[in-house]
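Asker: Here's my sequence, what's the structure:
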Amino acid sequence: MNWILLIIAGLFEVAFATCLGKAKETTGTTMWFWYAGFLICLTISMVLLVKVTKELPIGTAYAVWTGIGAVGSVLVGILVFKEPATFWRVFFISTLIISIIGLKVVSK
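Answerer: Alright, predicted model coming up:
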């Protein structure tokens, strides 16, 4: 269950990064809605991370959480914000995914 919560926390990290990106693109009331979404997603992500670190090793949980956030944010950047999908970006994101899976495999 803790691993599922950790994945959800990582997805909320992606969501709060996405909200920041969208807030940067907008103005007025819409911008403030994106900032509100950022705060909500940030709070959920942090609360879930704190919860799972009571059972999972902090180093592993934090690495997986930031890894999910990094991979997800790069994918959102490519798909939503039209950032370039160069060979090296995709290569290093792939190695990060392999590393996250490796941490899960070697953790008790």
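Asker: any idea of the pLDDT on the spatially most central residue of the chain?
Answerer: The centre of the chain sits closest to residue 69, judged by Cα atoms, centre = their mean, with a distance of 1.9 Å. On pLDDT, residue 69 comes in at 96.
Asker: any idea how far residue 95 is from the closest residue to it other than its chain neighbours?
Answerer: Excluding its sequence neighbours, the residue lying closest to residue 69 (Cβ to Cβ, 6 or more residues apart in numbering) is residue 13, at 3.5 Å. All C-beta spots, glycine's among them, are computed from the backbone N, C-alpha and C. For residue 13, the distance to residue 95 equals 19 Å [Cβ to Cβ, to the nearest Å].
Asker: Can you pick out the residue with more neighbours from the two?
Answerer: Higher neighbour count among residue 13 and residue 95: residue 13, with 25 against 9, using other Cβ atoms under 10 Å.
Asker: Flag the shaky bits of the chain, pLDDT-wise.
Answerer: For the chain, the stretches flagged by pLDDT under 70 are 108.
Asker: Do a quick rundown of the helices in it.
Answerer: 2-25, 28-52, 58-79, 87-106 (DSSP state H).
Asker: elements contacting the second one?
Answerer: With contacts defined as 3 or more Cβ pairs under 8 Å, 6 or more residues apart in numbering; DSSP states H and E, the packing partners of helix 28-52 are helix 2-25, helix 58-79.
Asker: export the ones you listed to CSV and tack on distance to residue 51?
Answerer: Below are the helices and strands packed on helix 28-52 laid out as CSV (distance: least, Cβ to Cβ, whole Å):
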stretch, distance to residue 51
helix 2-25, 6
helix 58-79, 10
